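S.K.: Provided below for reference: sequence and predicted model.
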Amino acid sequence: MVNAAWVNDDIVVLHRTGEGGLAAKKFPAQYTCYLRASDVSNEDLRKLRDWKHIKALKREGSWWRLTWANWKVLRKACEKGGLFDRADIPTFEADLHPVRRFFTDNPIVIARPKRAYIDLETDSRKPIAQTIDGRSRILCWSIVNEHGEKIAGVLEEDTDEAERELLEDFWYELKSYEQVIAWGGDDFDFEVLKRRCWRLGMEVNLKRWLWLDHLTLFRRMNMSASESGDEKQSMALDSVSHAILGVGKAPVDAALSWEYWAAGGAKREELVRYCVRDTNLMRLIEEKTGFIDLHQKVCEVCTTLPDSRGVNPTNFVEGYLLKLARERDVHFKSKFSFDRNDIDQFEGAYVMEPARTGLIENVHVCDFASLYPSIIITWNISPETYRPDIKLRESAGSRPSYLSHLPLKEYPIPEGHCAALNDAVFTTEFTGVLPEALIRLLELRSVWKEKKNAEAPGTDKWKEADRRSSGYKIVANSCYGVMGSPFSRFYEPAIAEAVTVSGQWLLKKTIAAAEDRGYEGLYGDTDSCFIANVSREAFSAFVDWCNKELYPNLLNERRCMRNAIKLSYEKQFRRMIMVGKKRYAASFAHYEGKDATADSKPEIKGLEYKRGDTLRLARQFQHQVVSKLLYEDLDQEQYTALVGQWRQRILEHELELEDVVMSKRISKPLDEYKQRLKKDNTLSSRPAHVELAIELNKKGADIRPGQRIRYIVADASVSPMKVISDKDFDGNNFDRFYMWENLVYPPTQRVLEAVYPGKHWNSLLKARPRKTRARAPAKPKVDLRKNGSVLLPGFE
DNA sequence: AACTTTGGCAGGCAGT
DNA sequence: ACTGCCTGCCAA
């Protein structure tokens, strides 16, 4: 099956014919809910059978399956305050979308769709918001397929008739494809197409295609892949293709598309070439990253349509679990919406305070393989195995206050059950749907990982196996998060917490066991232990012992039905700089047994170097110092001198735009940023980038959530500080003192202070001259433009 | 229009 | 110089 849609009480399925063509088939949509058989009396059943809104009532295992006449009555009867709610009979899966219902009930195999990458150019004379609303003409379109075949159309003249013709050609060409991919398509191209056709009175069945936003997918998949903050500056297609493909900037400014089109002739052709080139970039990015292929595998595993919605974990995890649950006679509670009051925060992972900071030699790291999935399997954690009625200790509120000094009574774990470390109890009499799902996923993952390893790297078979094994892993790792999400039908904070708190316990026990042996427990975060003062052989033996002795014994205490917990010896750092929780840098001695080579890159976590919201100069400075600390043996004076050079560079030398610009994202609609009332009855100012965004918005820019604001701090000696747009940079209108004191030096200062403790480093911080009055910015002593290359020793 | 989680650090604003 | 709060972004 390629696609399916709910149309007028039918599920219309598009599927491949034997010859590779496409055919449509209709099935009646099922408006269905389940009731637990034990919840309904014979009397209830009789009434339901006679009710005209119910078309069928069928016994399925321990459930009654009700099929309703239409979607509306189903909802009305099952929603909060509806018939069943009032009768106190819980309904199950009543809210399920008919397409998901169809996928769950039938043996569906999701096929790989034929892909079309598309891009549009629109009339640039109107603001973008109006264009998205369909008020600008589409000037040209282009389609590129997976094989690199390109086709484009361009508007003949500035009339509705011409545009209709242009779009008719587009839809005609698109008929050869099943999936449409555009960079930022959800926010722009798809919306524009829909509205433009609607305005021009064209009837197009948009449900015929799978619409996939490449940007959304890329952002999700690339989260863990990017190295430095440099790569996080922008998600525009040009920036991403630059980072991934090394392709430079486009020669045509999209803001001038109208001028290009209106000029006609060669200019107009240039616009079309630009459009095609951009479209092709997506194909090349996919060739390099394979993210769309990976998404396809996730969707195939989960019986989810490979469109933008399919990217969401709640969606694909639901697809996988519902199908498996139905096989196993399990159904899930209806969930129409959620109440804000029903959201319970739950405890997360354990992060150990580093035992010491600074330079540390020979640190060994072990981590738990797929920790949360293995905990779910080990404790049999699932909505239907959870026994909230079984308590392991007396609750504090249940006894009179004069007894409150006595310890609370504890009860043993009952036979046939196990207990997570938040004392949530789960039955062990049968395997839960969630553990079963994870067992299968992890098994398939390892099967495909082995197949991958049997192939020559880089070949098609290798790639295919690699995608599959990654796909299974993604689905497995998403399950925990989905249990903890109020948007999901599996939301159950107590269960999510059973997972995290049990993880805390395992991690703490592991570090304690290492310390018992005289090793140094240095640091740990969620599923990893950093251990020093131990040899490679001893550490390897320790990991084996944990797996053979420690965990089986611990899990026995909690009465777990099986043991899926596995610790692995991941790597050894030759030298690491520990700065604080979630902040460190390290050079490798070996990784999974493979020795590091001269060109092995350091591992850097959490430091400003990794962040996209720091100054480029700050990243460069920090990276240089961190590299020297890890790979060279300078003394403290040499670092002091280096700091002095950077200080001078920031305070006195010519700096270019990219050295002084900051970039932060707008995360929500601008009017939702909080402003509190100050004591003088005026409103407090918002963060600098928000204030600037609001200002730009007033001037006609269209700033929306997700967009990055580039700004320069012009004067931080006043509060709130004065910022300007990067467009207004003139080479001198920025605050050097602020840059050094607040943005460039502190990140490196913290690293140096960790390695060489003491007050020494602070003496290089202060830079701003004492306040006289409106201070003139320092003049550069040396003009880099005239002198050319690097002037001072120590720069790289 | 939809939405995987918690833990953690750092900077700016406003107040003491 | 300190705190609380808001915000952004990263680790896991």
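M.R.: Perfect, thanks for sending it. Numbering: from 1, shown residues only, chains lettered A, B, ... in the order given.
S.K.: give the contact list for whatever residue of the stretch 301-450 of chain A ends up closest to DNA strand B.
M.R.: Residue nearest to DNA strand B within the stretch 301-450 of chain A (C-beta to the nearest atom of the strand): residue A:348, separated by 2.4 Å. In short, each C-beta sits where N, CA and C put it, glycine included. The contact partners of residue A:348, by C-beta atoms under 8 Å, 6 or more residues apart in numbering, come to residue A:500.
S.K.: Can you give me the separation between the residue of the stretch 201-350 of chain A found nearest DNA strand C and residue A:392?
M.R.: Residue of the stretch 201-350 of chain A nearest DNA strand C, by C-beta to the nearest atom of the strand: residue A:232 (4.2 Å). Using C-beta to C-beta, to the nearest Å, one gets 45 Å for the distance from residue A:232 to residue A:392.
S.K.: Neighbour count for the two, which is higher?
M.R.: Comparing residue A:232 with residue A:392 by other C-beta atoms under 10 Å, the one with more neighbours is residue A:232, at 20 against 16.
S.K.: Next, give phi and psi for the more buried one.
M.R.: The phi/psi pair for residue A:232 (degrees, to the nearest 10) reads phi -100, psi 10.
S.K.: For it, give its distance to residue A:222.
M.R.: The gap separating residue A:232 from residue A:222 is 10 Å, by C-beta to C-beta.
S.K.: Can you tell me the closest non-neighbouring residue to residue A:476?
M.R.: Using C-beta to C-beta, 6 or more residues apart in numbering and skipping the chain neighbours, the partner closest in space to residue A:476 is residue A:441 (4.3 Å).
S.K.: For that neighbour, list the residues it contacts.
M.R.: Shown in contact with residue A:441 (C-beta under 8 Å, 6+ apart): A:301, A:320, A:373, A:472, A:473, A:475, A:476.
S.K.: Just the residues you listed: which are in helices?
M.R.: Among the contacts of residue A:441, the members falling in helices (DSSP state H) are A:301, A:320, A:373, A:472, A:473, A:475, A:476.
S.K.: got those residues as JSON lines, with distance to DNA strand C columns?
M.R.: Shown next, in JSON lines, are the ones in helices among the contacts of residue A:441 (distance: C-beta to the nearest atom of the strand, whole Å):
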{"residue": "A:301", "distance to DNA strand C": "22"}
{"residue": "A:320", "distance to DNA strand C": "21"}
{"residue": "A:373", "distance to DNA strand C": "13"}
{"residue": "A:472", "distance to DNA strand C": "19"}
{"residue": "A:473", "distance to DNA strand C": "14"}
{"residue": "A:475", "distance to DNA strand C": "16"}
{"residue": "A:476", "distance to DNA strand C": "14"}
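S.K.: what about stretch A:577-589, near DNA strand C?
M.R.: Yes - shown here: stretch A:577-589 in contact with DNA strand C (C-beta under 7 Å from any atom of the strand) through residue A:582.
S.K.: Mind listing residues that contact that stretch?
M.R.: Stretch A:577-589 has contacts (C-beta under 8 Å, 6+ apart) with A:351-354, A:356-360, A:362-363, A:522-523, A:525, A:571-576, A:595-596, A:600, A:602-607, A:626, A:629-631, A:750-751, A:754-755.
S.K.: Restrict those to the buried ones and give me that as a PyMOL selection.
M.R.: Remark: buried members of the contacts of stretch A:577-589, expressed as a PyMOL selection using 16 or more other C-beta atoms under 10 Å:
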select buried, chain A and resi 352+354+357+358+360+362+363+522+523+525+571+572+573+574+575+576+596+602+603+604+607+626+629+630+750+751+754+755
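S.K.: Near DNA strand B, list only the ones from the contacts of stretch A:577-589.
M.R.: Answer for those near DNA strand B (C-beta under 7 Å from any atom of the strand): A:351, A:606, A:750.
S.K.: Just put those residues in CSV and tack on distance to DNA strand C and secondary structure.
M.R.: Below are those laid out as CSV (distance: C-beta to the nearest atom of the strand, whole Å; DSSP: H, G, I helix; E, B strand; the rest coil):
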residue, distance to DNA strand C, secondary structure
A:351, 8, strand
A:606, 4, coil
A:750, 14, helix
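S.K.: Which single one of those is nearest to residue A:614?
M.R.: residue A:606 (11.8 Å; C-beta to C-beta).
S.K.: and the residue of the stretch 451-600 of chain A nearest DNA strand B?
M.R.: Distance from DNA strand B to each residue of the stretch 451-600 of chain A (C-beta to the nearest atom of the strand) is smallest for residue A:481, at 2.0 Å.
S.K.: Report the spatially nearest residue to that residue, omitting neighbours in sequence.
M.R.: Distance criterion C-beta to C-beta, 6+ apart; nearest residue to residue A:481, sequence neighbours excluded, is residue A:313 at 6.0 Å.
S.K.: And for residue A:371?
M.R.: residue A:527 (3.9 Å).
S.K.: what about that neighbour, how many neighbours?
M.R.: Residues contacting residue A:527 under the criterion other C-beta under 10 Å number 21.
S.K.: One more: residue A:10?
M.R.: Burial of residue A:10 is recorded as 14 neighbouring residues (other C-beta under 10 Å).
S.K.: Just say helix, strand or coil for the closest residue to it other than its chain neighbours.
M.R.: Spatial nearest neighbour of residue A:10, chain neighbours left out: residue A:26 (4.6 Å); criterion: C-beta to C-beta, 6+ apart. Assigned by DSSP: H, G, I helix; E, B strand; the rest coil, the conformation of residue A:26 is strand.
S.K.: give me the beta-bridge partners of residue A:26?
M.R.: Beta bridges link residue A:26 to residue A:12 when assigned by DSSP bridges.
S.K.: Surely it touches residue A:12?
M.R.: Yes - in this structure, residue A:26 is within contact of residue A:12 by C-beta atoms under 8 Å, at 5.6 Å.
S.K.: and the most centrally placed residue in chain A, what is it in contact with?
M.R.: Centroid-nearest residue in chain A: residue A:220, 4.2 Å away (criterion: C-alpha atoms, centre = their mean). Going by C-beta under 8 Å, 6+ apart, residue A:220 touches residue A:311.
S.K.: phi, psi of it?
M.R.: According to degrees, to the nearest 10, residue A:220 has phi -60, psi -50.
S.K.: Distance from stretch A:677-693 to the middle of the chain?
M.R.: 30 Å (C-alpha atoms, centre = their mean, to the nearest Å).
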